[in-house]
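# following is a predicted model, sequence given first.
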Amino acid sequence: MIHRIALIVPLVSLVAWTAVVAVAQDDEPARPRPCEMRVESELFADASTTPIARSLTLFQEGVAWDFLEPIASGSAAATEIVLHDPARERVLVIDPQRHLKTQVELLRLERLSVSLSKWARSSEDRLVRWAGGPDFSTGLTDDGDRLELVGPRVKYAVTHEPAPSRDAAEAHRRFADTAILLKALLQPGGIPPFPRLAINERLAAAGAIPVEVRLEIDPRLAVIGARPERLRCVHRLHPRLLTGDLARIEDAKGHVAAAESVPLAAFVQRHRPDDRSTAATP
């Protein structure tokens with residue numbers, strides 16, 4: 001969930017929340033409305049103080065809009081927009097510069113998860129085999145507001161805080177899980193996503209959301225290749241959307257309507273490689 005470059009992740013990708021409850025009418029029980037919130041995320045590599053990825057995630061009406069923002073240029077225009085739409089069991093990935101979009105069904109990500117786990121568990125590499133899960137309890141420690149998960153040549157450390165509600169924690173978990181699996185689909189390679197999925201599950205069960213995620217990787221780790229040895233993702237959480245956020249969502253809806261719909265393979269081929277990050281997450 002560190003959440004992006006899409007290792008450098010779905011993921012890279014987390015947040016303060018508020019649950020809005022509908023006012024009861026006539027003697028009917030109050031019904032909770034979908035959470036609204038904004039999450040600003042920055043991903044850092046090694047000891048650098050300059051982020052390598054930055055994203056803004058806006059939650060509204062049961063969906064999440066994830067905007068990958070440019071680092072070098074002064075432009076606020078997103079280089080990629082991802083619409084997480086759990087009610088319709090889909091994810092839309094939009095390239096606003098090239099006016100392209102592609103749809104990924106959640107069922108496809110579920111099938112990817114099953115096949116990837118099966119592959120990882122049969123690997124000869126200790127880390128890959130460990131990362132296939134399903135049990136991470138041995139290397140997991142919980143120290144109040146900090147979770148740590150240690151595996152062969154890798155360590156995850158997550159600082160977290162209480163979410164405003166259980167619904168908010170679960171909504172964030174659903175988004176983070178989908179983002180890291182989407183990253184595994186769009187950018188194969190790296191550590192399998194299951195340690196992060198296990199951490200996400202633990203946080204949601206505790207009614208918590210991550211504030212900072214650190215990933216430390218053994219430099220000899222061949223599966224990561226030339227990627228950084230240490231990643232740190234910082235998430236700034238806000239309990240409500242701003243006026244500018246609402247305008248940004250409306251603009252994103254316009255991009256969805258105008259973009260040409262293409263199959264995933266065609267989208268990946270035509271989409272610029274340096275833009276393909278599906279959330280600021282490690």
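Right, received. Where do you want to start?

# distance between the helix or strand harbouring Leu215 and the chain's centre?
Using DSSP states H and E, the element containing Leu215 is strand 208-217. In terms of CA atoms, centre = their mean, to the nearest Å, the centre of strand 208-217 is set 12 Å apart from its chain centre.

# mind checking what helix or strand follows it in sequence?
strand 230-238.

# circling back to that earlier point, pLDDT (mean, whole number) over the strand holding Leu215?
The average pLDDT for strand 208-217 rounds to 95.

# partner strands of that strand, with direction?
According to DSSP bridges, strand 208-217 forms sheet pairs with strand 154-162 (antiparallel), strand 230-238 (antiparallel).

# least confident of the ones you listed, on average?
strand 230-238 (a mean of 92).

# give the buried residues for it.
Arg230, Leu231, Arg232, Cys233, Val234, His235, Leu237, His238 (16 or more other CB atoms under 10 Å). All C-beta atoms are positioned from the backbone trio N, CA, C, and that covers glycine.

# what strand or helix carries the closest residue to the last one other than its chain neighbours?
In space, His238 comes closest to Arg38 once its chain neighbours are excluded; the distance is 4.5 Å by CB to CB, 6 or more residues apart in numbering. With the criterion set as DSSP H and E, the secondary-structure element containing Arg38 is strand 32-45.

# what is the neighbour count of the spatially closest residue to Pro70 that is not a sequence neighbour?
Closest residue to Pro70 apart from its sequence neighbours, by CB to CB, 6+ apart: Thr79 at 5.5 Å. By other CB atoms under 10 Å, the residues close to Thr79 number 20.

# ok, now how distant is Thr79 from Trp65?
For Thr79, the distance to Trp65 (CB to CB, to the nearest Å) stands at 14 Å.

# and Pro263, by the same measure?
With CB to CB as the criterion, Pro263 and Trp65 are 23 Å apart.

# quick one: which of those two has more around it?
When neighbours are counted by other CB under 10 Å, Pro263 and Trp65 differ, and Trp65 comes out ahead with 24 against 10.

# surely that one touches Thr57?
Yes: Trp65 is within contact range of Thr57, at 7.0 Å (criterion: CB atoms under 8 Å).

# wait, isn't Val93 in contact with Phe267?
Yes: judged on CB under 8 Å, Val93 makes contact with Phe267 at a distance of 6.7 Å.

# where does Arg190 sit, in terms of helix or strand?
For residue 190 the amino acid is Gly, not Arg. Counting by DSSP H and E, Gly190 is found in no helix or strand.

# may I have the phi/psi pair for it?
phi 80, psi -170 (degrees, to the nearest 10).

# burial measure for it, as a count.
So Gly190, with other CB under 10 Å, has 22 neighbours.

# ditto for Leu140
17.

# same check on Ala45?
For Ala45, using other CB under 10 Å, the count is 18.

# distance check, it against Thr79.
Distance from Ala45 to Thr79, by CB to CB: 18 Å.

# just the helices in the stretch 51-200 of the chain please.
106-121, 126-131, 166-186, 194-205 (DSSP state H, counting those that start in this stretch).

# worst-scoring helix or strand of the protein, pLDDT-wise?
None of the helices or strands of the chain scores lower by mean pLDDT, DSSP states H and E than strand 18-21, at a mean of 30.

# what about Arg121, how many residues nearby?
16.

# so what pLDDT did Phe67 get?
For Phe67, pLDDT reads 97.

# same check, this time on the one 10 residues further on
Ala77 is assigned 71 on the pLDDT scale.
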